[in-house]
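1. Here is my input; please provide its structure:
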Amino acid sequence: MVVHLIIFIVAIACLIFAATIFTQSAEKIGLYMKLPSFVVGIFIVGVGTSLPELISGILSVQKGVSEILPGNIMGANISNILLITGVAVVANRKTIQLKSDYLYIDLHFLIGSFIYFFIITHDGIIQFWESAVGIAVYLIYSTYLIKSEIPDKEKNHVENIRAFPWKNLALLLAGATGIFFGADYTVSSLEQIALAFHVPNSIIALTLLSLGTTLPELTVNISAIRQGKAEMAIGNILGSCVFNTLMIAPISSAFGTINVPQDLLSFSLPVMGACGLFFYLLTQDKKVSVWEGLLLICLYLLFMMKIAGI
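-> Coordinates of the predicted model:
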């Protein structure tokens, strides 16, 4: 069991490092293509930081342990909203002002995506034909963001990169390869750890895996805060949650039916929904204070203690 635990830690570390390399390289290529920084931030960075959850989900379905996927989605969303947001606000050391009009777009689609996920999981099985609706919703979300009126300072601010970034293209491919193999070993070791502790795969995914796969979001957000872009950190969290909820299930279910254990439906799913609603209400005044950040961290610790049976 110790060997599999070491493999899990090393695989998660590789997964995070590869996701970071992939995201940074994709961002440079996006800037070379003259994409607005807003589009680069929402789609390239948001999707890049969610790749660990996506690849882990696909491999779990292929390996016959599909219950890992819903546990990872729920755990990652709960971790993003409570832990990652809380840490981001506390690290900022002052109230984060949410001035962007895009906040409400993200919030509305966050709640809508959670409703969608509740509908497709309520019977304990996720099939492609029903989960494919998530792809359509995500396309609507993406189109809405792109076609909405972007402020001129966001639309025109692009980094001037003249030469094609071949080095970043090579790093992009290397990062994608690292994500695949990191996720492969993560899922395999996770299954062995669950067997050793006599704990369901879904619970391990809800805790250890989801915490590990949300570390790229934490890394990106801490970096954004250091650059004075704390508001962008909150946007990345919301965008990541929307992508996790709408896209991971339909893409993964194309490889086989996904089973959702009853223990996730009875506790973790309602907690995820409550987190989304609470965050929606919390941000209506367009700010998140340090004290509210500490509250979010405490709620996450309470959730983890409850899952651990403490």
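2. isn't Leu59 right next to Phe181, touching?
-> No. With contact defined as CB atoms under 8 Å, Leu59 does not reach Phe181; the gap is 10.2 Å. Yep, even glycine has a C-beta here, placed from its N, CA and C like the rest.
3. more crowded one of the two?
-> Leu59 (21 against 14; other CB atoms under 10 Å).
4. In terms of helices and strands, where is the more buried one?
-> If you go by DSSP states H and E, Leu59 is part of helix 46-62.
5. C-terminal to that helix, what's the next element?
-> Moving toward the C-terminus from helix 46-62, the next helix or strand (DSSP H and E) is helix 68-78.
6. and that next one, what's its mean pLDDT?
-> Regarding helix 68-78, the rounded mean pLDDT is 94.
7. Now that helix - C-alpha only, CSV.
-> Coordinates of each C-alpha in helix 68-78 appear next as CSV, following Å, rounded to 0.1, in the frame of the first residue of the first chain:
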residue,chain,number,x,y,z
ILE,A,68,-14.2,7.8,-9.6
LEU,A,69,-15.4,10.4,-12.2
PRO,A,70,-18.5,11.8,-10.3
GLY,A,71,-16.6,11.8,-7.1
ASN,A,72,-13.8,13.8,-8.7
ILE,A,73,-16.2,16.3,-10.3
MET,A,74,-18.1,16.9,-7.0
GLY,A,75,-15.0,17.0,-4.9
ALA,A,76,-13.2,19.3,-7.4
ASN,A,77,-16.2,21.7,-7.5
ILE,A,78,-16.5,21.8,-3.7
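8. Check which helices and strands that helix sits against.
-> helix 46-62, helix 102-121, helix 166-197, helix 201-204, helix 210-213, helix 230-243, helix 249-253, helix 269-282 (3 or more CB pairs under 8 Å, 6 or more residues apart in numbering; DSSP states H and E).
9. packing partners for the last one?
-> For helix 269-282, the helices and strands in contact under the criterion 3+ CB pairs under 8 Å, 6+ apart are helix 68-78, helix 102-121, helix 290-307.
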